[in-house]
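In: sequence and predicted model, in that order:
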Amino acid sequence: MDGETVVALATPPGESGIAVVRISGPRAVDIIEGMSPGASGWKSHETHLSRLESINGEILDEALAICMLAPNSYTGEDVVEISCHGSMHLTGAIIEDIILRGAEPAGQGEFTKRAYLNGRMDLIQAEAVADLISSETKLQSRVALAHLKGSLSRKVGEIEIGLLGQLALVEVSIDFSEEDIETWSAEKLTGISVETRGKIAGLLESEMVGRKLRQGIRITILGPRNAGKSSLYNALIGEERAIVSEIPGTTRDVLRERIHIGGLTYYLEDTAGIAETGCEIEARGISMGMEAARGADIVLFVLDGSHKARDEEEDELRNISVVDHIVVLNKSDLGLTESTSEVAERFGEADVIAVSATGGEGLTDLRNAIFGRTVGGDISRLGSERIALNARQSTALKDVSASLERMEKEIARKAGPEIVSMELREAIDACGKVTGRAVSQDLLETIFSRFCIGK
Ligand SMILES: Nc1nc2c(ncn2[C@@H]2O[C@H](COP(=O)(O)OP(=O)(O)OP(=O)(O)O)[C@@H](O)[C@H]2O)c(=O)[nH]1
Ligand SMILES: [Mg+2]
């Protein structure tokens, strides 16, 4: 980076009414001055209709341009944004001209990286920007926005400040050890530590939901031939993607499609019907389907509810070890030969849902069951009280907890303030890693000066 000026197209490539070219860095204003003489006199954050000239004096475009001067910009540096006409050729020419004038093409995430390095946002917020950009549903963007607004940063910040206050007391007692002043209480510190670990445990609970929210959840449909798996697959997708026929053994390959339920992304898989078969290709399909089911988050065991399933086929399904499953009794429109509770008994009290893939009955219940299984009802509070952590954040928070636990053990062993302070510092450093801000010596000094005793 080295303070160089970077440029990139901020809107997706392709034809559009308007495209935005963004420049950030110390030469941004010089560059726009070169393209639109007089620009260096513009007020920060004021929009100007300007005729952009190339370095060779040709008119490139008439565009709206705005200078956002440091530090009041997204990156914290001087930023120029040009809203030009959205043709690939034109944006290419403008960017090329800006590069000729001394800018470098920006790397991936460069603007946000600069924002973080310049202290405009912490690491959690920078990650939230990426999440927000890639969000596909309202729920995903709501959680990303909550992180961007600093929900998690604030919670970690509160934990950090609480611990810093305690660290100050412990360290002061080291400084004043000869004067026999007891500034910290082992009991109180242990209490605070236990309470803090409780808060962290609460945050960590949402890690799984966070992973599901970001990466999506795999659902594999598995069951005997002709049970209506492909029909159910099509019904859940809302399109005729898989071939459906009354001929048993229609599906051979594993088909995969993305769907959304309640704001979460799911990857739904259709597989070949399980059966004894002499056909090598069908057998390959069946084993691929079983393999998919073993790796899925949820497996839908689809049975033809209008016929009593053959025992061997059911046994085969029950013997596959899967993380979670829901039994779907399909073809309810033809009348079920067994009640859902009878089937539930055989499948280890699983959820059993009667549906008609072709008629549509029961599909809402099935979607609700899938959604409920995924998040355990916690989703509605996501982004407000509960926060979906990503893997990096949860690892760092686990480090905070581990350091605190070690500290509690040291306190229980009646360790002196030197040892206690060391563990406490580690916990605080780990907090800094969550937000991406390691605690600097300066910050510690500032905080300690407020706690100074003796005056
Ligand atoms: N009445 C009724 N028929 C259904 C329903 N679902 C599927 N069928 C019929 O059952 C037959 C098999 O459906 P598919 O969806 O191809 O079944 P499959 O489980 O994918 O079969 P394979 O791929 O061969 O394993 C077709 O004739 C469907 O029209 C349903 O809910 N009600
Ligand atoms: Mg099929």
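Out: Good, I have the coordinates. Numbering: from 1, shown residues only. Ligands and ions are numbered 1, 2, ... in the order given.
In: thought Arg346 was touching Glu314, still the case?
Out: Yes: if you go by C-beta atoms under 8 Å, Glu314 and Arg346 touch, sitting 6.9 Å apart. In short, each C-beta sits where N, CA and C put it, glycine included.
In: whatever helix or strand Ala126 lives in: what's the following helix or strand?
Out: Secondary-structure assignment from DSSP states H and E places Ala126 in helix 123-134. Sequence-wise, the next helix or strand downstream of helix 123-134 (DSSP H and E) is helix 138-148.
In: okay, buried residues for that following helix please.
Out: Of all the residues in helix 138-148, those buried under the rule 16 or more other C-beta atoms under 10 Å are 139-141, 143-144, 146-148.
In: now the angle from the helix or strand just after it to helix 123-134?
Out: Following helix 138-148 in sequence order, the next helix or strand is helix 151-175 (DSSP H and E). Between the axes of helix 151-175 and helix 123-134, defined by axes from the mean of the first three to the mean of the last three C-alpha atoms, to 10 degrees, the angle is 170 degrees.
In: Ala283: which of the buried residues of helix 138-148 is nearest?
Out: Nearest to Ala283 out of these is Gln140 (C-beta to C-beta; 39.4 Å).
In: mind listing what the closest one touches?
Out: Shown in contact with Gln140 (C-beta atoms under 8 Å, 6 or more residues apart in numbering): 131, 213-214, 263, 265.
In: from those, pick the one nearest ligand 1.
Out: Comparing the contacts of Gln140 against ligand 1 with C-beta to the nearest ligand atom places Thr265 closest, at 23.5 Å.
In: follow-up on the earlier one: now the buried residues of helix 138-148 in a markdown table, with distance to Lys113 and pLDDT?
Out: As requested, those are arranged in a markdown table below (distance: C-beta to C-beta, whole Å; pLDDT from 0 to 100):
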| residue | distance to Lys113 | pLDDT |
| --- | --- | --- |
| Leu139 | 27 | 74 |
| Gln140 | 22 | 77 |
| Ser141 | 22 | 76 |
| Val143 | 22 | 76 |
| Ala144 | 17 | 76 |
| Ala146 | 22 | 77 |
| His147 | 17 | 75 |
| Leu148 | 16 | 74 |
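In: Ile18 belongs to a helix?
Out: No: the assignment for Ile18 is strand, going by DSSP: H, G, I helix; E, B strand; the rest coil, so no helix is present there.
In: OK, contacts around it?
Out: Residues near Ile18 by C-beta under 8 Å, 6+ apart: 11, 83-86.
In: Glu269 now?
Out: By C-beta under 8 Å, 6+ apart, the contact set of Glu269 is 218-221, 254-256, 292, 296.
In: can you flag the buried ones in those?
Out: Looks like the contacts of Glu269 have 218-221, 254-255, 292, 296 buried, using 16+ other C-beta under 10 Å.
In: which of those residues fall within helices?
Out: Using DSSP state H, the members of the buried ones among the contacts of Glu269 that fall in helices are Ala292.
In: just name the closest of the contacts of Ile18 to ligand 2, please.
Out: The closest of those to ligand 2 turns out to be Thr11 (C-beta to the ion; 41.9 Å).
In: strand partners (parallel or antiparallel) of the helix or strand hosting Val299?
Out: Per DSSP H and E, Val299 falls inside strand 298-304. Applying DSSP bridges to the sheet, strand 298-304 is found paired with strand 217-222 (parallel), strand 325-330 (parallel).
In: need the per-residue pLDDT for Gly372.
Out: As predicted, Gly372 sits at a pLDDT of 84.
In: how near is it to ligand 1?
Out: According to C-beta to the nearest ligand atom, to the nearest Å, Gly372 and ligand 1 sit 22 Å apart.
In: and for Lys212?
Out: Relative to ligand 1, and taking C-beta to the nearest ligand atom, Lys212 is found at 27 Å.
In: quick check, distance from the helix or strand where that residue lies to the centre of its chain.
Out: Using DSSP H and E, Lys212 sits within helix 207-215. Distance of helix 207-215 from the chain centroid (C-alpha atoms, centre = their mean, to the nearest Å) equals 6 Å.
In: pLDDT (mean, whole number) over that helix?
Out: Averaged over helix 207-215, pLDDT sits at 73.
In: show me what it is packed up against.
Out: helix 138-148, helix 363-375, helix 391-412 (3 or more C-beta pairs under 8 Å, 6 or more residues apart in numbering; DSSP states H and E).
In: as TSV, the contacts of Ile18 with neighbour count, pLDDT and secondary structure would be great.
Out: Output for those, formatted as TSV (neighbours: other C-beta atoms under 10 Å; pLDDT from 0 to 100; DSSP: H, G, I helix; E, B strand; the rest coil):
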residue	neighbour count	pLDDT	secondary structure
Thr11	15	89	coil
Ser83	18	97	strand
Cys84	22	96	strand
His85	17	94	strand
Gly86	18	91	strand
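In: out of the residues you listed, who's nearest Ile274?
Out: Using C-beta to C-beta, the contacts of Ile18 come closest to Ile274 at Thr11, 48.7 Å.
In: distance of that closest one relative to Val21?
Out: Distance from Thr11 to Val21, counting by C-beta to C-beta, to the nearest Å: 9 Å.
In: ditto for Ser135
Out: Distance from Ser135 to Val21, by C-beta to C-beta: 24 Å.
In: and those two? Which one has more around it.
Out: Taking other C-beta atoms under 10 Å, Ser135 and Val21 do not tie; Val21 has more neighbours (24 against 20).
In: helix or strand for that one, which one?
Out: Secondary-structure element containing Val21, defined by DSSP H and E: strand 16-24.
In: list the buried residues of that strand.
Out: The neighbour-count check on strand 16-24 (16+ other C-beta under 10 Å) flags 19-24 as buried.
In: can you check stretch 290-305 too?
Out: Those would be 290, 292-293, 296-305, for stretch 290-305 by 16+ other C-beta under 10 Å.
In: single out whichever of the residues you listed has the smallest pLDDT.
Out: The minimum pLDDT among the buried residues of stretch 290-305 falls on Asp297, with 89.
In: what sits against that residue?
Out: 212, 217-219, 323-324, 374.
In: with Lys138 instead?
Out: Gly263.
In: flag every residue of the stretch 151-300 of the chain that's near ligand 2.
Out: 229-230, 250-251 (C-beta under 5 Å from the ion).
In: just name the most buried of the helices and strands packed on helix 207-215.
Out: helix 138-148 (a mean of 20; mean count of other C-beta atoms under 10 Å).
In: ok and that one relative to helix 391-412, angle-wise?
Out: Going by the same axes, to 10 degrees, helix 138-148 makes 50 degrees with helix 391-412.
In: how far away is Gly165 from ligand 2?
Out: To ligand 2, Gly165 is 63 Å away according to C-beta to the ion, to the nearest Å.
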